[in-house]
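Asks: with the input below, show me the fold.
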Amino acid sequence: MQKMVVTQTECPARRVPSGIPAVIPEGQFITINQALGGNYTVTWQGNMFRIDGLDAAAIGQEPEVLSFTESDSDDIADEQVWQALHSIYDPEIPISLVSLGLIYSVEIEQSSKSVDVNMTLTAPGCGMGPVLVSDVKYRVAKVPNVEQVNVELVFDPPWSREMMSEEAQLEAGLFF
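Replies: Numbers count the residues shown, from 1 in each chain. Next up, the predicted model:
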């Protein structure tokens, strides 16, 4: 689906495969290489970047919306953290990280307004690991009252397809 577009505003992005945050200035020509799971993989100045679907308006695309119900509390709501996690998709197959079984644990520390996430990858050598970690940090940081997100990649226990939800296995064509 290669398509050249011009950035409409400054656009937050993350370099592939390192996941290092960057900003693509307004008025830049970029090439959209892929749009999967609500995110965009683009090329700009010879480098590859990932643009979150929440920021798609910056590249002239329909933005994804991640909205949370308002609360009178200053606490981080567990269900909102999970809502954010469910909105993050694997870059190669449009199945959420949660449905794939890649999120092992979530701990919320109300006093420090932080969220700690332990997650894994489908394969330890996955080159998109840093990008997925960055995706988790970016989306979970959008949850009301979250001030810090820590993500740790863990490989014990090793991921296996049995960790996927039945729906994800069916969608991926792995359910027999």
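
Asks: hang on, L85 is in a helix, isn't it?
Replies: Yes - when classified by DSSP: H, G, I helix; E, B strand; the rest coil, L85 is found to be part of a helix.

Asks: what does the pLDDT read for A168?
Replies: Among the per-residue scores, A168 shows a pLDDT of 79.

Asks: can you pull the contacts of V81?
Replies: Residues near V81 by C-beta atoms under 8 Å, 6 or more residues apart in numbering: 106, 108, 115, 140, 143, 146. All C-beta spots, glycine's among them, are computed from the backbone N, C-alpha and C.

Asks: out of these, which is nearest to M1?
Replies: Of all the contacts of V81, V140 has the smallest distance to M1: 28.2 Å, by C-beta to C-beta.

Asks: how many neighbours does that closest one have?
Replies: Using other C-beta atoms under 10 Å, the number of residues around V140 comes to 26.

Asks: ok, F49 next?
Replies: Neighbours of F49 under the rule other C-beta under 10 Å: 23.

Asks: and it, its phi and psi?
Replies: In terms of degrees, to the nearest 10, the main-chain angles of F49 are phi -140, psi 160.

Asks: quick one: distance of the longest helix along the chain to the chain centre.
Replies: The residue-count maximum for a helix in the chain (DSSP state H) belongs to helix 129-140. Relative to the centre of its chain, helix 129-140 is centred 5 Å away, using C-alpha atoms, centre = their mean, to the nearest Å.

Asks: contact partners of that helix?
Replies: By C-beta under 8 Å, 6+ apart, helix 129-140 touches 14, 16-21, 39, 50, 52, 54, 66, 81, 84-85, 87-88, 90-91, 97, 102, 115, 117, 119, 121, 126, 146, 149, 151, 153.
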